[in-house]
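K.L.:
3D, please:
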Amino acid sequence: MKKLLRFLREYKKESILAPLFKLLEASFELFVPLVMAEIIDVGIAGRDYACIGRMGALLVLLAAVGLAASLTAQYFAAKAAVGFCAGMKRELFAHIQKFSFADMDELGASTMITRITSDAGQVQNGVNLVLRLFLRSPFIVFGAMVMAFTVDVKAALIFVVAIPLLSAVVFGVMAASIPRYKKVQQALDRLLGRTRENLAGARVLRTFHKQGEEREKFTGENGELNRLQQAVGRIAALMNPITYLILNGAVIALIYTGAVQVNAGALTQGEVVALINYMSQILVELVKLANLIVSVNKAVACGDRIQEIFEREPGLAAPVGGTGRAESGERFAASSARTEKAVVFEHVGFTYPGSSEESLTDIDFSAERGESIGIIGGTGSGKTSLVHLLPGFYGVTSGRLLIDGREVGDYDAEELRKKVGIVLQKSVLFKGTVRSNLLWGKKDATEEEMWRALRIAQAEEFVRGKRDGLDERVEQEGRNFSGGQRQRLAIARAIVRRPEILILDDSASALDYATDAALRRAIREELTDMTLFIVSQRAASVRNTDRIVVLEDGRIVGLGNHDKLRETCGVYREICRVSGKEET
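P.N.:
Modelled structure (predicted):
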């Protein structure tokens, strides 16, 4: 949590002025009991109406100045807290964007959503409360005790006993509740993950009639969260009654002592009232301090969870994540040399984080510059795992993967992304326009470049058919386009960047055979210098590539062109038969 305070550096002035104005307000508040004592002992006792008027006006002045100081403090505290949280969220989001697929798989989307929303809100609230109350409440408590000593030493000794007792209660509750708040947030992560999964898969749940089973799982996780919240709530609930019990006992002792002193003539009635007022101020401020500590406990627990994300080294940080054998100077040297071998797999093995078995084993082949490579195999054969190694989404666990003669792990992430373009299995479009989505591929792309990319991706016709053309509105996730249109726009977005290596990861699955064939023909004719990887389960999609890699259970079982594999590879023949293309 301490490391997060760096986000307050831009708000040093506000962070200093907010507590200072709160202390100014508290100072005025400490004078109120003395003014009240003067009204009782002089004004009321002596029927001095002029004194009552003067002291009443002074009370109004103290209230007005205190209100102005309080509002000013609230303004500076809110500005600092909101700015702090905005900066923290901005950097946290940027940090999450650097995570590799392996990081995302391990952490999970739900926990990161919780930390950037709920946890960040708790931290913001904690910072706001600390700036306003962390100095004010102790100042009032000890200031009231000092003022009580100026009134009467004997009566003030009651304060000396009450304050340590209250402190023990407050800090005891704090020590018991902090670890439990962390467990509550972890349970909230699990519940959010369950909710997100159910909402995303609502149709599948209904198809397989699993609503009851998922409802039971949700009820169990929700019950666990409820139990943890109740446990920490019971501990926090002890705070107010125990503090009130101690303070009210102190008030009783104070009234008794004051009565004896007044009877003996050592104290005036106004001074007793002043002492009781000071004790009441301490009561109010300690209750505020207790609630503040509970809120700060939550903020600290949430801040620690956010800091965990910041302290995690992103998998996409430079270097991307290979073997890292190159020296730092060599690793980041700009290399314009281009080898004939665009991609080389040297006995590559890959295991997903947390898995005990390899997903890819002994992958050994190379791709020439400008060559087209088809990747085919059954479901779960490792096709997507293989091509996800090229842009560095995952790092190889054994062997070497080279692009232009350099290991993938020795590239800077941004440099590698410029070389390798990929269209994922699930086509994702972002809210905006067709133009804004294409500009994701190349920020300074001209209209001519965009239309050329759309033409190659077989998307030009339907985009021109839209009323606004390139400025046609795109809803979130491209909901206002069909599946095939989304895929073609995603392909155009990758093509407009003109990467040296283009990966189409089963990204034409929603296209009919004619459109798929036209797409592959356009890519082959117009992007002759680009190394192309086409991943598909359809033999027709890869049959015209220069070479085809056939995978089964993460291993290469066939490598060659269509005609050669039909003769030598039984797995490929079976794929052709199933897809109805064996007669070709």
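K.L.:
if you go through the stretch 301-450 of the chain in chain order, where are the strands?
P.N.:
341-350, 360-368, 372-377, 398-403, 406-407, 420-423, 432-433 (DSSP state E, counting those that start in this stretch).
K.L.:
Relative to R486, which of those is closest?
P.N.:
R486 sits nearest to strand 420-423 of all those, at 10.6 Å, using C-beta to C-beta. Using the backbone N, CA and C atoms, a C-beta is placed for each residue, glycine as well.
K.L.:
That closest one: how far from the chain's middle?
P.N.:
26 Å (C-alpha atoms, centre = their mean, to the nearest Å).
K.L.:
returning to that earlier point: can I get the strands of the stretch 301-450 of the chain in JSON lines including mean pLDDT?
P.N.:
Shown next, in JSON lines, are those (pLDDT from 0 to 100):
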{"stretch": "strand 341-350", "mean pLDDT": "92"}
{"stretch": "strand 360-368", "mean pLDDT": "93"}
{"stretch": "strand 372-377", "mean pLDDT": "92"}
{"stretch": "strand 398-403", "mean pLDDT": "92"}
{"stretch": "strand 406-407", "mean pLDDT": "90"}
{"stretch": "strand 420-423", "mean pLDDT": "90"}
{"stretch": "strand 432-433", "mean pLDDT": "92"}
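K.L.:
Would you tell me which one of those strands is buried the most?
P.N.:
With neighbours defined as mean count of other C-beta atoms under 10 Å, those peak in mean count at strand 372-377, which reaches a mean of 25.
K.L.:
May I have the phi/psi pair for S381?
P.N.:
Backbone torsions of S381, given as degrees, to the nearest 10, read phi -80, psi -10.
K.L.:
tally of neighbours for it?
P.N.:
Residues lying near S381 (other C-beta atoms under 10 Å) number 22.
K.L.:
Give me the local confidence score for it.
P.N.:
We have a pLDDT of 90 for S381.
K.L.:
likewise L165?
P.N.:
At L165, the model reports a pLDDT of 86.
K.L.:
Ok, G322 next?
P.N.:
pLDDT at G322 comes out at 43.
K.L.:
how much distance is there from stretch 91-102 to the middle of the chain?
P.N.:
With C-alpha atoms, centre = their mean, you get 9 Å for stretch 91-102.
K.L.:
Likewise for stretch 229-238?
P.N.:
Its chain's average C-alpha position is 27 Å from that of stretch 229-238, according to C-alpha atoms, centre = their mean.
K.L.:
Give me the residues contacting that stretch.
P.N.:
By C-beta atoms under 8 Å, 6 or more residues apart in numbering, the list of residues contacting stretch 229-238 from outside reads V169, V173, A176, S177, R180, Y181, V184, V294.
K.L.:
Check the burial of the third one by counting its neighbours.
P.N.:
A176 has 14 neighbours, counted by other C-beta under 10 Å.
K.L.:
In CSV, could you pull the C-alpha coordinates for stretch 251-270?
P.N.:
In CSV, the C-alpha atoms belonging to stretch 251-270 read as follows (Å, rounded to 0.1, in the frame of the first residue of the first chain):
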residue,chain,number,x,y,z
VAL,A,251,-18.5,10.9,31.8
ILE,A,252,-20.1,9.4,34.9
ALA,A,253,-16.8,9.6,36.7
LEU,A,254,-16.4,13.2,35.5
ILE,A,255,-19.8,14.3,36.6
TYR,A,256,-19.3,12.8,40.1
THR,A,257,-15.8,14.3,40.5
GLY,A,258,-17.1,17.7,39.1
ALA,A,259,-20.0,17.7,41.5
VAL,A,260,-17.7,17.1,44.5
GLN,A,261,-15.3,19.9,43.3
VAL,A,262,-18.2,22.3,42.7
ASN,A,263,-19.6,21.6,46.2
ALA,A,264,-16.1,22.3,47.6
GLY,A,265,-15.8,25.5,45.6
ALA,A,266,-12.8,24.3,43.6
LEU,A,267,-14.7,24.3,40.3
THR,A,268,-17.5,26.3,38.8
GLN,A,269,-20.5,24.9,37.1
GLY,A,270,-19.3,26.2,33.7
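K.L.:
and it, which residues are buried?
P.N.:
V251, A253, L254, T257, G258, Q261, L267, T268, G270 (16 or more other C-beta atoms under 10 Å).
K.L.:
Okay, and which of those residues map to helices?
P.N.:
Secondary structure defined by DSSP state H assigns V251, A253, L254, T257, G258, Q261, G270 of these to helices.
K.L.:
How about the contacts made by the first one?
P.N.:
Residues near V251 by C-beta under 8 Å, 6+ apart: I276, M279, S280, L283.
K.L.:
Closest one of those residues to A78?
P.N.:
The nearest member of these to A78, counting by C-beta to C-beta, is L283 at 26.8 Å.
K.L.:
Could you check which helix or strand contains that closest one?
P.N.:
helix 269-311 (DSSP states H and E).
K.L.:
Output the below-cut-off pLDDT ranges for the stretch 151-300 of the chain.
P.N.:
Counting by pLDDT under 70, the stretch 151-300 of the chain contains no low-confidence residues.
K.L.:
Helix or strand: which one has V535?
P.N.:
Short version, using DSSP H and E: V535 is in strand 531-536.
K.L.:
That strand versus strand 372-377: what angle between them?
P.N.:
Relative orientation of strand 531-536 versus strand 372-377 (axes from the mean of the first three to the mean of the last three C-alpha atoms, to 10 degrees): 20 degrees.
K.L.:
could you point out which element follows strand 531-536?
P.N.:
helix 539-542.
K.L.:
Can you name the next helix or strand after that next one?
P.N.:
Next along from helix 539-542, by DSSP H and E: strand 547-552.
K.L.:
distance between that following strand and the chain's centre?
P.N.:
39 Å.
K.L.:
helices or strands up against that strand?
P.N.:
In terms of contacts (3 or more C-beta pairs under 8 Å, 6 or more residues apart in numbering; DSSP states H and E), strand 547-552 is packed against strand 372-377, helix 383-388, strand 555-560, helix 562-568, helix 570-578.
K.L.:
Go through the ones you listed and pick out the most buried.
P.N.:
For the helices and strands packed on strand 547-552, the highest mean count by mean count of other C-beta under 10 Å goes to strand 372-377, at a mean of 25.
K.L.:
So in that sheet, which strands flank that one, and in what orientation?
P.N.:
strand 531-536 (parallel), strand 547-552 (parallel) (DSSP bridges).
K.L.:
Pick the most deeply packed of the ones you listed.
P.N.:
Highest mean neighbour count of the strands paired with strand 372-377: strand 531-536, a mean of 24 (counted as mean count of other C-beta under 10 Å).
K.L.:
any idea which of the contacts of stretch 229-238 is the one closest to R6?
P.N.:
Y181 (23.0 Å).
K.L.:
That closest one against A299, yeah?
P.N.:
No. Counting by C-beta atoms under 8 Å, Y181 stays clear of A299, with 9.3 Å between them.
K.L.:
Contacts only, for E346.
P.N.:
Residues in contact with E346 (C-beta under 8 Å, 6+ apart) are D364, G399, R400, L401, L402.
K.L.:
Look up how far D364 lies from it.
P.N.:
Distance from E346 to D364, counting by C-beta to C-beta, to the nearest Å: 6 Å.
K.L.:
Would you mind listing the residues touching both of the two?
P.N.:
G399.
K.L.:
In this structure V428 contacts Q476, no?
P.N.:
No. Using C-beta under 8 Å, V428 is not in contact with Q476, being 9.9 Å away.
K.L.:
what's the distance between the helix or strand hosting E221 and the middle of its chain?
P.N.:
If you go by DSSP H and E, E221 is part of helix 211-237. How far helix 211-237 lies from its chain's middle: 23 Å, per C-alpha atoms, centre = their mean.
K.L.:
now swap in stretch 236-244 and tell me
P.N.:
34 Å.
K.L.:
Just the buried positions in it, please.
P.N.:
Quick answer for stretch 236-244 (16+ other C-beta under 10 Å): A236, M239, I242, T243.
K.L.:
Now do the same contact list for E371.
P.N.:
If you count contacts by C-beta under 8 Å, 6+ apart, then E371 has A342, T531, L532, D546, R547 around it.
K.L.:
just the buried residues of stretch 251-270 now: which is nearest G558?
P.N.:
Nearest member of the buried residues of stretch 251-270 to G558, counting by C-beta to C-beta, is V251, at 88.4 Å.
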